[in-house]
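> next comes the sequence, and after it the predicted model I'd like to discuss.
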2 protein chains.
Amino acid sequence: VRVLVTGAAGFIGRAVAECLVGEAMIEAVRLVDRTTPPCPDDPRFKACRADLTEPDARLLDGIDTVIHLASIPGGSAEVDPALSRRVNLDAPLALLETLDARAEPSRFVQASSIAVFGAIIDPVDDRTVPEPSLVYGAHKRMVEIALRDFHRRGRVSTIALRLPGIVARPRGNAGLKSAFMSEVFHAARAGEAFVMPVAPTATMWLMSAACVARNLVHAARLPAVGGQAVTLPALRVTAGDLVTALYGHDDAVGYAPDAALQANFGALPPLSVPLAEALGFCHDGTIEDLVRMALR
Amino acid sequence: VRVLVTGAAGFIGRAVAECLVGEAMIEAVRLVDRTTPPCPDDPRFKACRADLTEPDARLLDGIDTVIHLASIPGGSAEVDPALSRRVNLDAPLALLETLDARAEPSRFVQASSIAVFGAIIDPVDDRTVPEPSLVYGAHKRMVEIALRDFHRRGRVSTIALRLPGIVARPRGNAGLKSAFMSEVFHAARAGEAFVMPVAPTATMWLMSAACVARNLVHAARLPAVGGQAVTLPALRVTAGDLVTALYGHDDAVGYAPDAALQANFGALPPLSVPLAEALGFCHDGTIEDLVRMALR
């Protein structure tokens, strides 16, 4: 297995690279991003700079598996839909077209997002129909549809994983509206006070970076995929329970709910995804496991 | 109202131009296609050549309403997915981006297709979830999602109409798998014998070119649209009833069902689209009306 990881300098990309180090069946890994990604000390790994908005078929030379993470996040996509189109839509289509033009079979794993569901109000399960409500989710959903069609054509086996909120992202994530979900982890680790912009009863779907990396690598190795878009399982936790798990107490944390953040990121209904679980995808386990993995 | 019609040299485009001639509120119409479209003898109309795969923002100068018909048909799209991407996906996105960059509001009417539903087996209604099964339907569905997002952004009001089988297309339509639906009209008009590649009990969703043109122009004038994709009403007719309506008898017509054509185009279930009807969209009325309009 010879893997290309795009967006490899990013938060999830680094976790994927770390996860791939432990995979004996991987022969080679090419890590790419707009800036040269960090490269594990392992002779199978190479890291280089690549701009996916200027497609270069050589990027895929000798590659049979792509884990495509490169993406413009939701907040930035909303501000610059044209950039989102180039990165979130055109770039994966270009990679898919290159793979589809080859004789050898290949595998394409796409990082999609629960943003394809738009405003999530009712409980989500495997029959929930995606209705994106922002640029980011619309482009992710368009790629899901393209992936299914590429898969059907028979040369590229594809799967899209819809990621929930991933923690703990590095501090200062411009363009990410849900940054507070990660900031509270960093504040707790530093022993700092924190003000949550959602109520203690706010519910979130969370997964650690290490866990989502395991799921992405699992998707790359799954014997049979069907071009499907899979909503990943996630731990549904309340802001109050998360604070308790992080701080041990809740004296250091205040709550100043912001209506928009509360509505978009703090009112996640129950999630039931037996299809993903049957395929072997999983969440972190318990809120304590989530905190431990996210703070590692 | 100043209208751009793309694909105006095509079968439906000519019918749309004819329909626009009768609209007093239309101030100007620009008809474009890869070859210069026929131009009605009306000073409000101009026809010119334009290649939508090489976007030129000047095409939209002075235009406030687009009826976008330009398309690579399903059979050709399947043979050349890269061409389908350029014409069926990139071209409408480029038009939408140009309109979205302007300060003035505009209207975009997209000719979509029942192909977004893929293999249609169960009855279709307003809640049916699109699951395209071919390149053409996948690209049409991707554009529907983009249209909804452009509408939400507030500058371009959009609507997609999902067209059923439109008759009677000109003879010899390369790339159109459903050509037989139209061929039987031409054979009947010429008094020729015909062999239907589906059984007499085969069911089809049909609409005349004049009727779909009326629906497209209606969409361009609708006071409020919501970025939605609307499945148009259609007459559901059997091949046998169609032959009787066309020939008056069925002696001149044989049946030699082809399994693939029968499955894809001759097994259409009941169609119920109250949302479209509530918006004022309509089918031809009766099978006799359909035949009369289609043969006009």
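Ah, there it is.

> mind giving me the packing neighbours of the worst-scoring helix or strand of chain A on mean pLDDT?
Every helix and strand in chain A was compared by mean pLDDT, DSSP states H and E; the lowest is helix A:259-265, with a mean of 90. Packing contacts for helix A:259-265, counted by 3 or more C-beta pairs under 8 Å, 6 or more residues apart in numbering or on different chains; DSSP states H and E, involve helix A:180-189. The way it works is simple: take the backbone N, C-alpha and C, and place the C-beta from them, glycine included.

> what lies in contact with the least confident helix or strand of chain A?
For helix A:259-265, contacts defined as C-beta atoms under 8 Å, 6 or more residues apart in numbering or on different chains pick out A:119, A:165, A:177-178, A:180-181, A:197-199, A:202, A:204.

> now with 7 Å?
Under the criterion C-beta atoms under 7 Å, 6 or more residues apart in numbering or on different chains, residues A:177-178, A:180-181, A:197-199, A:202, A:204 lie in contact with helix A:259-265.

> likewise for stretch A:15-26?
So stretch A:15-26 is contacted by A:1, A:3, A:5, A:8, A:29, A:31, A:40, A:42, A:44, A:67, A:69, A:209-210, A:213-214, A:216-217 (C-beta under 7 Å, 6+ apart).

> same thing with stretch A:129-148?
So stretch A:129-148 is contacted by A:74, A:77-78, A:81, A:84-85, A:88-89, A:92-93, A:96, A:108, A:110, A:112-113, A:115-119, A:158, A:160, A:227, A:229, B:129, B:132, B:138, B:141-142, B:145-146, B:149, B:152 (C-beta under 7 Å, 6+ apart).

> one more time with 6 Å, if that's ok
For stretch A:129-148, the surrounding residues in contact (C-beta atoms under 6 Å, 6 or more residues apart in numbering or on different chains) are A:74, A:77-78, A:81, A:84, A:88-89, A:92-93, A:110, A:112-113, A:115-119, A:158, A:160, A:227, A:229, B:129, B:138, B:141-142, B:145, B:149.

> what sits closest to A:Ser71 if chain neighbours are left out?
Distances taken as C-beta to C-beta, 6 or more residues apart in numbering or on different chains put A:Asn88 closest to A:Ser71, at 5.7 Å, once the chain neighbours are dropped.

> assign the one you found to helix, strand or coil.
Look at A:Asn88: counting by DSSP: H, G, I helix; E, B strand; the rest coil, its state is helix.

> residues contacting it?
A:71-72, A:139.

> pick out the most distant pair among the contacts of helix A:259-265.
A:Lys177 and A:Ala199 (17.0 Å; C-beta to C-beta).

> tell me where the stretch 101-250 of chain A has helices.
For the stretch 101-250 of chain A, the helices defined by DSSP state H, counting those that start in this stretch cover A:135-153, A:180-189, A:209-221, A:239-247.

> show me which residues of the stretch 101-250 of chain A sit near chain B.
A:129, A:135, A:138, A:141-142, A:145, A:149 (C-beta under 6 Å from any C-beta of the partner chain).

> so which strand or helix has the residue of chain A most remote from its centre?
Distance from the C-alpha centroid of chain A peaks at A:Asp251, with 32.0 Å (C-alpha atoms, centre = their mean). Using DSSP states H and E, A:Asp251 is not contained in any helix or strand.

> per-residue confidence at it?
Looking at A:Asp251, its pLDDT is 81.

> looking at the sheet around A:Thr65, what are its partners?
A:Val3, A:Arg107 (DSSP bridges).

> count of neighbours near it?
Neighbours of A:Thr65 under the rule other C-beta atoms under 10 Å in any protein chain shown: 21.

> ditto for the one 5 residues further on
For A:Ala70, the number of neighbouring residues by other C-beta under 10 Å comes to 24.

> and A:Ala103, by the same measure?
As a burial measure, A:Ala103 scores 5 neighbours (other C-beta under 10 Å).

> grab the nearest non-local neighbour of it.
A:Arg155 (7.9 Å).

> surely that neighbour and A:Thr98 touch.
No. Between A:Arg155 and A:Thr98 there is no contact under C-beta atoms under 6 Å: 10.9 Å.

> of these two, which one has the most company?
A:Thr98 (20 against 15).

> tell me the secondary structure for that one?
Three-state assignment for A:Thr98 (three-state DSSP): helix.

> skipping adjacent residues, who's closest to it in space?
Among residues not flanking A:Thr98 along the chain, A:Ala57 sits closest, at 4.8 Å (C-beta to C-beta, 6+ apart).

> export the contacts of helix A:259-265 to a markdown table and tack on pLDDT and neighbour count?
As requested, these are exported to a markdown table (pLDDT from 0 to 100; neighbours: other C-beta atoms under 10 Å in any protein chain shown):
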| residue | pLDDT | neighbour count |
| --- | --- | --- |
| A:Lys177 | 74 | 16 |
| A:Ser178 | 81 | 20 |
| A:Phe180 | 92 | 20 |
| A:Met181 | 92 | 28 |
| A:Pro197 | 95 | 22 |
| A:Val198 | 96 | 25 |
| A:Ala199 | 96 | 16 |
| A:Ala202 | 97 | 22 |
| A:Met204 | 96 | 22 |
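
> of those, which is the nearest to B:Arg169?
Comparing the contacts of helix A:259-265 against B:Arg169 with C-beta to C-beta places A:Lys177 closest, at 48.5 Å.

> look up how far B:Ile145 lies from that closest one.
21 Å (C-beta to C-beta, to the nearest Å).

> now swap in A:Cys39 and tell me
37 Å.

> what about those two, which has more around it?
B:Ile145 (25 against 14).
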